[in-house]
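J.: sequence unknown, structure follows:
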């Protein structure tokens, strides 16, 4: 088993045990694979904090590259 695979397994095990794991990466696919939630930040400001199932690669990129804020209902 490769070192990266072992680290991923360990991180997932810790999260399953209830530990909070903060993981930073520029590899968006890796983030989506390892995460239960994705928090995106632009210029020190949290842009989004969503369950991974509610995110898309396009939204994550927009958040981190342009600081796109979530669209709010006009109602």
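T.: Arrived safely. Here the structure is a predicted model, which is why all the values come from computation and not from measurement.
J.: Spatially nearest residue to residue 8, not counting backbone neighbours?
T.: Distances taken as C-beta to C-beta, 6 or more residues apart in numbering place residue 34 nearest to residue 8, at 6.2 Å, with adjacent residues excluded. The C-beta positions use only the backbone N, C-alpha and C, and glycine is treated the same way.
J.: That neighbour: neighbouring residues, count only.
T.: Neighbourhood size, residue 34 [other C-beta atoms under 10 Å]: 17.
J.: residue contacts, the residue nearest to the spatial centre of the chain?
T.: The residue lying closest to the centre of the chain (C-alpha atoms, centre = their mean) is residue 38, at 2.6 Å. Going by C-beta atoms under 8 Å, 6 or more residues apart in numbering, residue 38 touches 31-32, 48-52, 55, 60.
J.: residue boundaries of the strands in the protein?
T.: For the chain, the strands defined by DSSP state E cover 37-42, 45-51.
J.: Redo the ones you listed as a markdown table? Include distance to residue 3 and mean pLDDT.
T.: Formatted as a markdown table, the strands of the chain follow (distance: least, C-beta to C-beta, whole Å; pLDDT from 0 to 100):
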| stretch | distance to residue 3 | mean pLDDT |
| --- | --- | --- |
| strand 37-42 | 24 | 91 |
| strand 45-51 | 29 | 93 |
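J.: Most tightly packed of the ones you listed?
T.: Mean neighbour count (mean count of other C-beta atoms under 10 Å) peaks for strand 37-42 among the strands of the chain, with a mean of 16.
J.: Note down every partner strand of it and its orientation.
T.: Sheet pairing of strand 37-42 (DSSP bridges) gives strand 45-51 (antiparallel).
J.: Name the residues that touch the strand it pairs with?
T.: With contact meaning C-beta under 8 Å, 6+ apart, strand 45-51 is reached by 36-41, 55, 59, 63-64, 67-70.
J.: how close does residue 56 get to residue 6?
T.: Distance, residue 56 to residue 6, using C-beta to C-beta, to the nearest Å: 29 Å.
J.: Setting aside sequence neighbours, what's the nearest residue to residue 39?
T.: Nearest non-adjacent residue to residue 39, counting by C-beta to C-beta, 6+ apart: residue 49, 4.7 Å away.
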